[in-house]
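[1] What shape does this take:
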Amino acid sequence: MTDLTGTKVAFLLTDGFEDSELTSPWDALVETGAEPVLISPEPGTLTGKKGYEAGVDLAVADADAADFAGLVLPGGVVNGDKLRMDADAVALTRAFFEQGKPVAAICHGGWILTDADVLRGRRLTSYPSLQTDLRNAGAEWVDEEVVVDNGLVSSRTPDDLPAFNAKLIEELSEGEHAGQTA
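    Predicted structure coming up:
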């Protein structure tokens, strides 16, 4: 098992997230010794689309990508749509790319990447309904279980979580990626 003890990993989300796309990678990281941190535009408690509740650790306006080894973007239509409309969330997401740090997006989590303007020339996957948006942002969209492109990990749906989690952990253990640029 990979040891990520003491590695802080940001999870950026808001209400309406896909429950398992938060809990599964979170638990996988905890098993490695990593320290997940829930970041959101609003303080308090967030509620997933199936009712899972999670407490916010840090407001996105107070978050700094330099304090984390990587970023996880869980899906959920409402979650993805709300985040891409938040300027601080978009700026934080872009900062992870500018610093060459791993970013993992699943399902509708990848929507914010279009607004962060980090997809030109990148290869990724997502929930199928996002493919036109991602292509219009300059990405090559493919229909695969998990795609890794220079530190950017992406998957389609909760069915892909085992592969997504494995690649997330692998990319975090590798550290910064020179090709992971904005």
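
[2] and the helix or strand that contains residue 92, what other elements does it pack with?
    Take DSSP states H and E as the rule and residue 92 turns out to sit in helix 87-98. Secondary-structure packing of helix 87-98 (3 or more CB pairs under 8 Å, 6 or more residues apart in numbering; DSSP states H and E): strand 8-12, strand 70-73, helix 77-84, strand 103-106, helix 111-115. (Glycine included, C-beta is placed from N, CA and C.)

[3] Now render these as JSON lines, adding mean pLDDT and mean neighbour count.
    Output for the helices and strands packed on helix 87-98, formatted as JSON lines (pLDDT from 0 to 100; neighbours: other CB atoms under 10 Å):
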{"stretch": "strand 8-12", "mean pLDDT": "98", "mean neighbour count": "24"}
{"stretch": "strand 70-73", "mean pLDDT": "98", "mean neighbour count": "28"}
{"stretch": "helix 77-84", "mean pLDDT": "96", "mean neighbour count": "22"}
{"stretch": "strand 103-106", "mean pLDDT": "98", "mean neighbour count": "29"}
{"stretch": "helix 111-115", "mean pLDDT": "97", "mean neighbour count": "24"}
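
[4] any chance of the ones you listed in JSON lines, with distance to residue 53 too?
    Converted to JSON lines, the helices and strands packed on helix 87-98 look like this (distance: least, CB to CB, whole Å):
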{"stretch": "strand 8-12", "distance to residue 53": "14"}
{"stretch": "strand 70-73", "distance to residue 53": "18"}
{"stretch": "helix 77-84", "distance to residue 53": "14"}
{"stretch": "strand 103-106", "distance to residue 53": "20"}
{"stretch": "helix 111-115", "distance to residue 53": "22"}
